[in-house]
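Participant: Sequence and predicted model, in that order:
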Amino acid sequence: MAYEEDERKPLDSSRERTFHQGWEDALEDGPYSEGTFNTLSWQNLGNRLGCLFGDVPEEMRDELLFWAERQRRLE
């Protein structure tokens with residue numbers, strides 16, 4: 001997943017919701033417009049992963065979300 005800037009902040013309940021909203025957007029409407037992905041946000045990360053994995057159980061979405069947060073902290 002290519003991006004120029006990572007604007008994600010530490011995960012909280014609001015950011016969890018935006019991640020899940022991005023995933024739902026992917027299921028309903030597909031990927032966001034290409035320019036949206038220049039900057040990585042929790043919402044467009046959810047959209048990217050939603051396009052990649054499709055309709056999976058919420059537990060899998062959460063596991064990917066928490067994995068992404070661990071990776072963010074390592075950078």
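Facilitator: Sure, I can see it. What you see is a predicted model, and the numbers here were worked out from it, not measured in a lab. Numbers count the residues shown, from 1 in each chain.

Participant: What sits closest to G54 if chain neighbours are left out?
Facilitator: Once flanking residues are discounted, G54 sits nearest to L27: 7.1 Å by C-beta to C-beta, 6 or more residues apart in numbering. C-beta here means a position set from N, CA and C on the backbone, and glycine is covered the same way.

Participant: ok, the one you found to A2 distance?
Facilitator: As for L27, its distance to A2 is 22 Å (criterion: C-beta to C-beta, to the nearest Å).

Participant: So between those two, which is more surrounded?
Facilitator: L27 (13 against 6; other C-beta atoms under 10 Å).

Participant: my guess is the more buried one meets L52, correct?
Facilitator: No: counting by C-beta atoms under 8 Å, L27 stays clear of L52, with 11.6 Å between them.

Participant: can you give me the strands for this structure?
Facilitator: Taking DSSP state E, the strands of the chain run over residues 5-6, 39-40.
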